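Q: What shape does this take:
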Amino acid sequence: MFLLLIVLAIGFYLYKTGELQKWFGNNQTEVNNTNGLKEVIDYRYASGQISIEEYNKLKALL
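A: Model prediction:
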């Protein structure tokens, strides 16, 4: 019971200081950012702005 109170107190402290949001926010942003980059690369390739070689190099980097 005491351990649960300690965990809740630490969680509340992290929530109030904003650290908890930073931890969860960073993880979600990376996934969304990668998906957005893939969409941009696909769009640029489909519209003929980049060649197949550039497209393959960019895809390999992600």
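
Q: Please determine how far Lys22 is located from Ile10.
A: Spatial separation of Lys22 from Ile10 under the definition C-beta to C-beta, to the nearest Å is 15 Å. C-beta here means a position set from N, CA and C on the backbone, and glycine is covered the same way.

Q: Same check on Asn35?
A: 32 Å.

Q: Ends of stretch 11-23, what's the gap?
A: The first and last residues of stretch 11-23 sit 12 Å apart, counting by C-alpha to C-alpha, to the nearest Å.

Q: where in this protein is pLDDT low?
A: When the per-residue scores of the chain are filtered using pLDDT under 70, the ranges that remain are 26-33.

Q: again, only this time at 90
A: When the per-residue scores of the chain are filtered using pLDDT under 90, the ranges that remain are 1-5, 7-41, 43-45, 49-50, 52, 58-62.

Q: Okay, and Lys38 sits in which element?
A: helix 19-46 (DSSP states H and E).

Q: Now the element after that helix, going C-ward?
A: helix 52-61.

Q: And the contacts of that following helix?
A: With contacts defined as C-beta atoms under 8 Å, 6 or more residues apart in numbering, helix 52-61 is touched by 38, 41, 44-45, 50.

Q: Could I get those in a markdown table, plus columns for distance to Leu61 and neighbour count?
A: As requested, the contacts of helix 52-61 are arranged in a markdown table below (distance: C-beta to C-beta, whole Å; neighbours: other C-beta atoms under 10 Å):
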| residue | distance to Leu61 | neighbour count |
| --- | --- | --- |
| Lys38 | 11 | 13 |
| Ile41 | 9 | 19 |
| Arg44 | 14 | 14 |
| Tyr45 | 14 | 17 |
| Ile50 | 13 | 16 |
